[in-house]
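J.: For reference, the sequence and a predicted model appear below.
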Amino acid sequence: MIDFYYAPTPNGWKVAIMLEECGLKYTAHLMNLAQGVQFDPEFLKISPNAKMPAIVDRDVEGEPVTVFESGAILIYLARKTGKFMPKDPAGEKEMLEWLFWQTGNQGPMAGQLSHFRNYAPEGQAYGFKRYHGEYTRNLAVLENRLDGRDYILGDYSVADMMSFPWVLIAKPLGASLDEFPNVTAWRGRIKERPAVRRAVDLHKDSQNRGENNAQNNNVLFNQNADSLRRG
């Protein structure tokens, strides 16, 4: 059994998709981040960064294994199950490239775009222009990669699970996929997978729809080093 700590956001969906695709038994622990539960000392032992998602794998010999950060979790689960990752060194190299691309480029840029689009009433104009440009630039990177391929590595893999959620919500981010036909087709193929639909619908009613913003919730949007100071 795997304990899955998450919020119903694109980062949480990445791991939920993998758990569903692999058919692993898990218990989803919905975390109310607006109330600061991510700073609980016991949770910080699992996720030192105080972020979602994180897992505790109890289906192992010896002590349970904790894993935080979505990319690390996907690699861990892929190795645990032998699914959704290449077996050869060259293929694994490509997988790591695209996972790091997502965690270093697409994900952070999309997250900042979401912030200025949906949660920051003040300072929206510059922030939206800046991160909308970066978001669409990353769509172009993905568009070029998918030229002649159904999926990022050819076969469906953790690389697709990592990148799909932030493309799924392009419209709420104020972006259009009209200029990216390869991305649009890829998004459609993944969206129709039953495991993906189950993952995205997990605790759907608890998704943050803008009721928290940079002006009314310091826990979510105005953290600093003091957020993690102990004692």
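T.: Sure, I can see it.
J.: What segments of the chain are strands?
T.: Along the chain, the segments classed as strands by DSSP state E run 2-6, 26-30, 54-57, 65-68.
J.: Identify whichever of these lies nearest to Leu173.
T.: strand 2-6 (20.3 Å; C-beta to C-beta). Where you see a C-beta, it was placed from the backbone N, CA and C, and this is true even at glycine.
J.: According to the record, where do the domains of the protein fall?
T.: Following automatic domain parsing, one finds the domains of the chain at 2-83+199-208, 89-194.
J.: Turn those into a markdown table, including mean pLDDT and mean neighbour count.
T.: Shown next, in a markdown table, are the domains of the chain (pLDDT from 0 to 100; neighbours: other C-beta atoms under 10 Å):
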| stretch | mean pLDDT | mean neighbour count |
| --- | --- | --- |
| domain 2-83+199-208 | 91 | 17 |
| domain 89-194 | 94 | 17 |
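J.: what about the helices in the protein?
T.: Here the chain has its helices, by DSSP state H, at 10-22, 41-46, 70-81, 89-101, 107-114, 124-145, 158-168, 181-191, 194-201, 218-221.
J.: per-residue confidence averaged over the last one?
T.: Over the span of helix 218-221, the pLDDT mean works out to 52.
J.: Tell me which of the strands of the chain sits nearest to Pro89.
T.: strand 65-68 (22.9 Å).
J.: What pairs with that closest one, parallel or antiparallel?
T.: strand 54-57 (antiparallel) (DSSP bridges).
J.: chain center to the strand it pairs with, what's the gap?
T.: In terms of C-alpha atoms, centre = their mean, to the nearest Å, the centre of strand 54-57 is found 15 Å from the chain centre.
J.: Need the CA coordinates for it. PDB is fine.
T.: Included here for strand 54-57 are C-alpha records, laid out as PDB according to Å, rounded to 0.1, in the frame of the first residue of the first chain:
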ATOM      1  CA  ALA A  54       4.800  13.000  -1.800                       C
ATOM      2  CA  ILE A  55       4.400   9.200  -1.100                       C
ATOM      3  CA  VAL A  56       5.200   6.700   1.500                       C
ATOM      4  CA  ASP A  57       5.700   3.200   0.100                       C
END
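J.: neighbouring contacts of it?
T.: Strand 54-57 is contacted from outside by 2-6, 15, 26, 43, 46-47, 64-68, 73, 76, 80, using C-beta atoms under 8 Å, 6 or more residues apart in numbering.
J.: And for stretch 19-36?
T.: In this structure, residues lying in contact with stretch 19-36 by C-beta under 8 Å, 6+ apart are 1-8, 16, 37-38, 43, 52, 55, 59, 77, 81, 83-84, 161, 193, 195-196, 198-199, 202-203, 206, 208, 212, 217, 219-220.
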